[in-house]
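>>> Show me how the following folds:
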Amino acid sequence: QVQLVESGGGLVQAGGSLRLSCAASGRTFSSLAMGWFRQAPGKERELVASVSWPGGNTYYDDSVKGRFTISRDNAKNTVYLQMNSLKPEGTAVYYCAADDSLVTIPTHWGSWGRGTQVTVSS
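The predicted structure is shown next:
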């Protein structure tokens with residue numbers, strides 16, 4: 001099983017940017033689909049973006065298209081989420097997830113990080 005550690009969260013004003021990082025360890029990064037989820041208070045966890053192995057296919061939720069970019073550095077075993085034009089409704093705990101799958105959106109995500117808080121002030 002892969003271990004995932006997120007970083008890069010914080011407090012930002014609306015319209016600002018943050019870049020989240022997720023470092024993977026414990027097994028090879030190859031053949032892992034990687035994703036970013038978020039969970040706002042009182043809401044269900046939702047998939048924000050995902051990227052296939054080795055990185056040719058991506059998925060974005062409609063709410064973040066054009067503002068967020070997911071990317072992966074396979075040499076560094078790290079996946080990133082660049083978040084621009086942040087909105088207050090983007091306030092949530094952001095989680096990194098991985099699955100040993102060649103599809104862009106696995107049916108079941110096998111590994112999860114502990115999350116990093118993103119707070120967007122209005």
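
>>> In contact with the residue most central in space within the chain, which residues are there?
By Cα atoms, centre = their mean, the chain has its centre lying nearest to residue 36, at 2.2 Å. Neighbour list for residue 36: 20, 22, 47-50, 70, 79, 81, 94-97 [criterion: Cβ atoms under 8 Å, 6 or more residues apart in numbering]. (Each C-beta comes from the backbone N, C-alpha and C, glycine too.)

>>> Direction included, what does whichever helix or strand it is part of pair up with?
Residue 36 belongs to strand 32-39 when assigned by DSSP states H and E. The pairing partners recorded for strand 32-39 under DSSP bridges are strand 46-51 (antiparallel), strand 92-100 (antiparallel).

>>> Next secondary structure element downstream of the last one?
Next helix or strand after strand 92-100 toward the C-terminus (DSSP H and E): strand 111-112.

>>> pLDDT of that next one, averaged?
Strand 111-112 shows a mean pLDDT of 96.
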